[in-house]
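K.L.:
Got a predicted structure here, sequence first:
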Amino acid sequence: MRVELYKRCRLPVVIDLSSPQVSVTHWTYDITDVTVHKISQLKRFFLNAVMIFTDIVYLTAWLTRAVNRGKDNIRIKLSAINPFFVGVEFPRTKPVVNKQYARVLEVVEGEALVILYPYKIVDHPYSFESVEDSVFMIRLNEANKLVIPPEWVYCVVNIGETPLVFIEIHNKKQPKNTIETKKRLPPFIPLVRNEKLEIVKNPSYRYVSNFVLADPSFVSRRYHLTPRSPLITQYFRGGMRFNWLLEPSEEFFEDFDKILLEFQIDEDQL
């Protein structure tokens, strides 16, 4: 399936997941790197990868603006996840630790479920004390945006029946991807059971007792993100209002979990 991105997010890019191939359609952007993530490399990131319906789970590509010859302060990451199941689990990315700088994610095509949690719970000492309200589920559709603070882990899941395509921007001083390898899986796993989406608990996180479903639209507005305008357009026209994206800003996000809790929604909407 070919997906053309320009009308949706102002990136002159075409993705073909069947090839797989990522190509630019205008000289203003260059592709600096493309990685294809195959199931043979990802089995340890799934609970049970015995039944495989696709060889390629997802791909990532990194873009730069050729018009500025690398002078921009941000990296642009493009990801596409196939819709086919891995066993009974929905296909998803590896959990990525967001280090030092924030990033913003925007869905371009498809339906996403983002599992978001602070990295500190990965290193939580083993005990019978539960950790409340630390894991968040954010459901995103086309044009929805999500801010991910420093020192948080995120995992993006394709819960739709078509390819999921999303972009991310972050300060180029931040490493491209830091994979969370200690636990490898998020605290909760989305899978299909009786043809319905179901969330099961990861036994490695015995101390995490629940997850919270939050509304992304109100959270995005807190950080001056316009709901329908493409993220790329907003950033390059936004000026000072995106300073929090360009500076090490962990203190700026110290109440982020409280904001998510403020916009908690009923789990039936999952």
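P.N.:
Perfect, thanks for sending it.
K.L.:
how far away is residue 78 from residue 228?
P.N.:
20 Å (C-beta to C-beta, to the nearest Å). (Each C-beta comes from the backbone N, C-alpha and C, glycine too.)
K.L.:
of the two, who's got more company?
P.N.:
Per other C-beta atoms under 10 Å, whichever of residue 78 and residue 228 has more neighbours is residue 78, with 22 against 8.
K.L.:
tell me the phi and psi of that one?
P.N.:
Here is the backbone geometry of residue 78 (degrees, to the nearest 10): phi -120, psi 130.
K.L.:
Check residue 39 too.
P.N.:
phi -60, psi -30.
K.L.:
tell me the SS of the residue sitting nearest the centre point of the chain?
P.N.:
Relative to the mean C-alpha position of the chain, the nearest C-alpha, by C-alpha atoms, centre = their mean, is the one of residue 156, at 4.2 Å. Recorded secondary structure, residue 156: strand (DSSP: H, G, I helix; E, B strand; the rest coil).
K.L.:
ok, which stretches of the stretch 151-270 of the chain are helices?
P.N.:
216-222, 231-238, 243-246, 256-262 (DSSP state H, counting those that start in this stretch).
K.L.:
Adding distance to residue 132, write the ones you listed out as a markdown table.
P.N.:
Putting the helices of the stretch 151-270 of the chain into a markdown table (distance: least, C-beta to C-beta, whole Å) gives the following:
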| stretch | distance to residue 132 |
| --- | --- |
| helix 216-222 | 19 |
| helix 231-238 | 32 |
| helix 243-246 | 27 |
| helix 256-262 | 10 |
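K.L.:
Between its first and last residues, how far does stretch 179-194 reach?
P.N.:
32 Å (C-alpha to C-alpha, to the nearest Å).
K.L.:
buried ones in that stretch?
P.N.:
Neighbour-count burial for stretch 179-194 flags 180, 185-191 (criterion: 16 or more other C-beta atoms under 10 Å).
K.L.:
Which pLDDT value does the model give the spatially closest residue to residue 175 that is not a sequence neighbour?
P.N.:
Leaving aside its sequence neighbours, residue 175 sits nearest to residue 99 (C-beta to C-beta, 6 or more residues apart in numbering; 6.3 Å). Per-residue pLDDT puts residue 99 at 87.
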